[in-house]
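mind folding the following:
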Amino acid sequence: MSDTTQEQNLKKNYDFPGRWLGGAALIFGPLLMLTGVALRYRFHFFFPDQLAAFQDYPALLTASYNAFAAGNVLMLPAVILLAKRIAGRRPHWAFWGATFSVFGLFTRTF
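Numbering: from 1, shown residues only. The predicted model follows:
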């Protein structure tokens, strides 16, 4: 097999994020986000209350926000996987659903 044929097969068969990464992202992304919210559940969610809680429990709130952010970032491959599955039947719904989901995820992150 020539190099060109191998490259063409790789391009044709390349599937990001793949079954395993996409499946793991679908499981662990929401779990990390839930863990982040559960760690700060006893404090009020309004921003000044979160800052006051951070003064008393800096490690807990840092772990909470880091877990939530990691879950948020891990949701990207999950959204891509779901959009690819939906695109087979409804490509416009998949495009717009994935677009707004990614914007929503990363708006909260940054």
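
show me what counts as buried in the helix or strand where Ala25 lies.
Assessed by DSSP states H and E, Ala25 sits inside helix 18-39. Judged by neighbour count using 16 or more other Cβ atoms under 10 Å, the buried positions of helix 18-39 are 22, 25-26, 28-29, 32-33, 35-36, 39. (C-beta placed from N, C-alpha, C; glycine too.)

mind giving me the packing neighbours of that helix?
helix 58-87 (3 or more Cβ pairs under 8 Å, 6 or more residues apart in numbering; DSSP states H and E).

how far off centre is the helix it packs on?
Relative to the chain's own centre, helix 58-87 is displaced by 3 Å; criterion: Cα atoms, centre = their mean, to the nearest Å.

list the contacts of the next helix or strand after that helix.
Of the helices and strands lying after helix 58-87 in sequence (DSSP H and E), the nearest is helix 91-109. Contacts of helix 91-109 with the rest of the structure, by Cβ atoms under 8 Å, 6 or more residues apart in numbering, involve 69, 72-73, 75-76, 79-80, 82-84, 86-87.

by neighbours, which of these wins?
Most neighbours among the contacts of helix 91-109, by other Cβ atoms under 10 Å: Met75, with 24 neighbours.

what's the distance between that residue and Phe100?
For Met75, the distance to Phe100 (Cβ to Cβ, to the nearest Å) stands at 13 Å.

spatially central residue in this structure, please.
Most central in the chain under Cα atoms, centre = their mean is Met75, positioned 1.4 Å from the mean C-alpha point.

ok, the nearest residue to it once chain neighbours are set aside - contacts?
In space, and not counting its chain neighbours, Met75 is closest to Gly29: 4.1 Å by Cβ to Cβ, 6 or more residues apart in numbering. When contacts are counted by Cβ under 8 Å, 6+ apart, Gly29 touches 71-72, 74-75, 78.

same thing but at 10 Å, please
Listed by Cβ atoms under 10 Å, 6 or more residues apart in numbering, the contact set of Gly29 reads 70-79, 105.

over to Leu26?
Counting by Cβ under 10 Å, 6+ apart, Leu26 touches 17, 74-75, 77-79, 81-82.

change it to 8 Å
78, 81-82.
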